[in-house]
Structures are given as structure tokens and as C-alpha cells.
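J.: How does the following fold in three dimensions:
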Amino acid sequence: ITNPSQDYLEQKLAALEHGKGAVSYASGMGAVAGALFAALQCGDHVIFTKAKYSGTEDITLSVWAPQEDQAKDTNWLGQVEENFAKDHPEYNITWKNDVVSEGDASKQVSTDPSAAADVYMFASDQLGVLMDAKAIGQLGTDAEKQVKEQNGDLEIDSVTGTDGKLYGVPYTDNTWFMYYNKSKITEDEAKDFDTILSKAKVTFPLQNSWYINGFYDGLSLFGEKGNDADAGMVFPKDGADVTSYLVDVVANPNFSNDDGASGLAAIKDGSADVLFSGTWSAADVKEALGDNYAATQLPTFTVNGEKKQMKSFAATKAVAYNPNAKNTKAAAQFAAYLGNTDSQKLHYEMRQIPPSDTSLSDLTTDDIAAKAQADTMSNTAILQSGLAGMNDWWTPAETFGKALINKEITKDNAAAKYQDWVDQAKGTIAE
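T.: Next up, the predicted model:
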């Protein structure tokens, strides 16, 4: 049964699609039924998904992200939310955004996972705490594939739980490297710390427990992938010799300790030529050094005639979804979306956050700091474990670094002080 208007519509649709004919229905379900009844016969079976036919779903997604990603002039989060809504017309989304930095995520989320955001950004070294609190969701097949296609092994390991499953979508690396004044040292000289110290003024945060590990080449944190609690922290066998080497470094007139602010200040006033920091310092260092601005992966140094590689702790910043969310499907989808290639590209364009996505390497070709960070992650870094056992590292390492700076550690007691550090950190010394 038809009418002239319906017949005319069907003819036009068939012509547009270059088909032999067309049939129009009064509803979508009518069209579905017509298509099925034309293909089925008595005794056939049809398997349906749970949602056989649906319109737009009203959902609310709560999101925690740093202030900088929500600021008026750099509202990256708002732009990504708008893009996600356009790409997912099946949702009518009400967004609820709050400010929580990546560094504070685990504390805020684990306090009450049921009241935490559906999606949040976190520092990967918090993974163990979040897993213990059952506050972080395992990635689905598509998101896991995305992470493995976008990232290198270190980034993948940073979001791998003790069960071998993935629990976050990395969007940028988090480590430190070396800035230097290229009017004082050449690119080749910048490869060796001892050469640098002989020719330039060096500032280094030796009392900072996130940096002092850089000199202890061979340090192992909870196995190769950082997720083996039984492996523990294994300190290098020659750590006492390295400690004696650092006693000499501290005594060198070209060396100064960076207390967290003094290093950058020294670069700005010209009293230091070398600074160890991360991409967060790039703009300030570039402004201070001007045409002499340079950065590179970490250098080597020599202890008792043996070449050592300085290595930073390396982690990532990643996006996770809360398994306690009301709509875990949408939350998981948005978490993956925040870390996809387009979103990482936008993050760099809006806030100069270097992407972890290797397919975007051309984006940062002319970014000196971003290249130094990428090279460090690939060549001169060890994974900072996300296991709870890492908590045993921080205070003893800081105490040891302060003792070096205060010259409480000498060549005579270096071995004993090193052993004390290992014991306080509940570690062992490699055999």
C-alpha cells in the first residue's frame, strides 16, 4: 500500500543510490522488520544485541583534569569533550569537570572511589595505589590496541599492572634531562658529565629523591617492567664507589645544588650553565639562554675508569576510567579518546605538551626540549615503578642526598652510608 508522495520519494531515493528500487517505512523498526522478514523463512533464528534499536542516551560524565587544561585560553579538555560529543551522537552528554592534578589523582580517587570522577588523569607511578583501591578500570580490547600502537615499551610498561593488564592511556612522558648553554660547552662535550663539570657551572638537585638515582647506574626497581613486587629494589654493586665519586662532585667549585628554585634562578642570572629538569622548565630556560639554548639526553660519567650512564626515573601521565562510574562504557570510551592521536596533537598545539604517541614525532621536530625528553625516555631512563613499594624509596633517598650536600658523607664512610641507605629503603645490593 502506497501513495503518490511515497512512491515519488522511493523513486528519487532509488535514483540517488543508483538502485533498482526503494521501499520507505513509517519508522526505523518498520524498516528493520521489513528487511528481516524479506530474508528470513520459517525455522530461522536471529541473534540480537541488547540494544536492538535506540535513540540518543542521556548521560553524565564527571572528569578530573589539571587547571591548565581547563583555563580559558588553554581549555584543551573542553575542546576534546566537544569533539567526543560530535563523534558520539549516541550520547547526549552533561559534563561535570573539576580540577585535580595528575599528581594528586591517586589520593583523591582512592579516598572514596565511588565518589570520584568517572574519568581522570594520573601519574603512572600511582598505578599500584589505584589498583589496590579498585579505582582504575582495565582497558578494553580497542583501547589496549590503541596504547600498544601509539607507544614505546617503557610507556606501555608504565600502565601495566601486576596482572599484566593495561590500566591507563598515556598521553605524555614524564622525566628529566639536561639543558645547557651551548656557548660554554659543545654538543659533543655535553655527552660527558665530567667534561661538562670541568668547563661549565653545573646545578643539580642532588637532595631530590627523583634525581639522585641518576648517578646510580644499574639500579633496578621491581623487575624489568617495574611490576614485580617480589623483585624489590636492587641497588648497584658499586654504589659505594659512586657515592665516593659524588663526594668529589659536591666538592667541585663548578657544582652547586639545585634546591628546586635556585637552579633555574642561576640559569637566568648566568651563574649556571647547565640545568637538569624537564619540559616544564623549557620556556624559562629558552628565554634565559636565547640563541645559546640547548637540551639533550643525559650524559655519561666515569667511576674508577668505568663509564657509567646517568639515568633518570621515567614515567608517563595517563588517562583512566573509574570502574565505579555509572556508565563505564562511555567513561572508558572517553578515557581512550583523551589519549588518542588527535587529542594528543591538540594538547601539543594548545599547551605544548609533548605527545607520547610515536606517530606524532614530526610534530616536535623543532622542539629542542621535546626531542631531549623523547631521547631520554628511549635511551637514558629507567621505569619509575607504580607499585606501593616505591614509597620506601623517597625519604631515604632524600636523606642520603642531603647528607651528601651537607658533606656528612665522606670517602671514608661512603660504603657504610650507602649500606644504610639501602637498608632504610628495604632494598638489596646486587651480587
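
J.: in the stretch 1-150 of the chain, which spans are strands?
T.: Using DSSP state E, counting those that start in this stretch, the strands of the stretch 1-150 of the chain run over 57-65, 91-99, 119-123.

J.: Hmm, Met310 and Val242 touching each other?
T.: No. Using C-beta atoms under 8 Å, Val242 is not in contact with Met310, being 10.7 Å away. Placement of C-beta: from N, CA and C, glycine included.

J.: shared neighbours of the two, anything?
T.: Both Val242 and Met310 are contacted by 215, 217, under the criterion C-beta atoms under 8 Å, 6 or more residues apart in numbering.

J.: pLDDT value on Trp76, please?
T.: Confidence at Trp76, expressed as pLDDT, is 98.

J.: again, but for the one 4 residues further on
T.: The confidence metric pLDDT takes the value 98 at Val80.

J.: Now do the nearest residue to it once chain neighbours are set aside: how many residues are near it, please.
T.: In space, and not counting its chain neighbours, Val80 is closest to Ser343: 5.1 Å by C-beta to C-beta, 6 or more residues apart in numbering. Neighbour count of Ser343, defined by other C-beta atoms under 10 Å: 22.

J.: Next: Trp64.
T.: Trp64 - counted by other C-beta under 10 Å - has 24 other residues nearby.

J.: and if you look at Asp367?
T.: Count around Asp367 with other C-beta under 10 Å applied: 17.

J.: Quick check, it in contact with Pro354.
T.: Yes. Shown here, Asp367 and Pro354 form a contact pair, counting by C-beta under 8 Å, at 6.9 Å.

J.: show me the contacts for the closest residue to Gly137 other than its chain neighbours.
T.: Nearest residue to Gly137, sequence neighbours excluded (C-beta to C-beta, 6+ apart): Pro323, at 4.1 Å. Counting by C-beta under 8 Å, 6+ apart, Pro323 touches 113, 134-138.

J.: Just give me the closest of those to Val422.
T.: Top of the list for closeness to Val422, among the contacts of Pro323 and by C-beta to C-beta, is Ile136 at 31.3 Å.

J.: List the contacts of the nearest residue to that closest one once chain neighbours are set aside.
T.: Nearest non-adjacent residue to Ile136, counting by C-beta to C-beta, 6+ apart: Leu130, 4.1 Å away. Going by C-beta under 8 Å, 6+ apart, Leu130 touches 105-106, 109-110, 122, 136, 167, 320.

J.: Is there a quick ChimeraX command that grabs whichever of those are buried?
T.: To isolate in ChimeraX the members of the contacts of Leu130 that are buried, counting by 16 or more other C-beta atoms under 10 Å, one can use:
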select :105,106,109,110,122,136,167,320
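
J.: nearest to Ala415, of the contacts of Leu130?
T.: Once C-beta to C-beta is applied, the member of the contacts of Leu130 that ends up nearest Ala415 is Ser106, at 36.3 Å.

J.: gap between the lowest-mean-pLDDT helix or strand in the chain and the chain center?
T.: Least confident helix or strand of the chain, by mean pLDDT, DSSP states H and E, is helix 28-39 with a mean of 78. Relative to its chain's centre, helix 28-39 lies at 48 Å (C-alpha atoms, centre = their mean, to the nearest Å).

J.: Need the contact partners of stretch 240-250.
T.: So stretch 240-250 is contacted by 197, 206, 215-217, 236, 255, 257, 301, 303-304, 308, 404-405, 407, 409-411, 414-415, 417-419 (C-beta under 8 Å, 6+ apart).

J.: List only those of those flagged as buried.
T.: Buried, going by 16+ other C-beta under 10 Å: 197, 206, 215-217, 236, 255, 257, 301, 303, 308, 404-405, 409, 414, 417-418, out of the contacts of stretch 240-250.

J.: Distance of the residue nearest to Gly137 relative to Phe177?
T.: 35 Å (C-beta to C-beta, to the nearest Å).

J.: same deal with Asp342?
T.: In terms of C-beta to C-beta, Asp342 sits 27 Å off from Phe177.

J.: Return the backbone torsion pair for the residue lying closest to Val303 once chain neighbours are set aside.
T.: What sits nearest to Val303 in space, not counting adjacent residues and going by C-beta to C-beta, 6+ apart, is Tyr245, at 4.8 Å. The phi and psi values for Tyr245, taken as degrees, to the nearest 10, are phi -60, psi -40.

J.: follow-up on the earlier one: looking at Asp342 and Phe177, which has the bigger crowd around it?
T.: Phe177 (26 against 13).
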